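*Asks:* When you get a sec, could you give me coordinates for this:
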Amino acid sequence: MFRLATMLYAMIATTLAGSLIVAALVAGYDTWLQLIVAACIGAVLAVPASFYIAQAIVKNVK
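*Replies:* Down below sits the predicted model:
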């Protein structure tokens, strides 16, 4: 399951980080620091999300 979660993390982290960067830009936060913070928050939030999704996939396969 860990290997599946790490593969999912690559996709989920980029999606969440990109979405949060777009949301920050729309909200008017346009400095480098604020965009990096938004990307880091997306990367951190992707960790539990990828494990949750991997767990759901493994349960449905068995």
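*Asks:* So which bits of the helix ranked longest in the chain are buried?
*Replies:* Longest helix of the chain, by residue count under DSSP state H: helix 32-61. For helix 32-61, the buried set under the neighbour-count rule, 16 or more other C-beta atoms under 10 Å, comprises Leu35, Ala38, Ala39, Gly42, Ala43, Ala46, Ala49, Ser50, Phe51, Ile53, Ala54. Where you see a C-beta, it was placed from the backbone N, CA and C, and this is true even at glycine.
*Asks:* who does that helix touch, helix- and strand-wise?
*Replies:* helix 2-27 (3 or more C-beta pairs under 8 Å, 6 or more residues apart in numbering; DSSP states H and E).
*Asks:* now the helix it packs on, how far from the centre of its chain.
*Replies:* 3 Å (C-alpha atoms, centre = their mean, to the nearest Å).
*Asks:* the inter-axis angle of it versus helix 32-61?
*Replies:* Interaxial angle, helix 2-27 versus helix 32-61 (axes from the mean of the first three to the mean of the last three C-alpha atoms, to 10 degrees): 140 degrees.
*Asks:* Could you pull up the mean pLDDT of helix 2-27?
*Replies:* Mean per-residue pLDDT for helix 2-27: 96.
*Asks:* elements contacting it?
*Replies:* helix 32-61.
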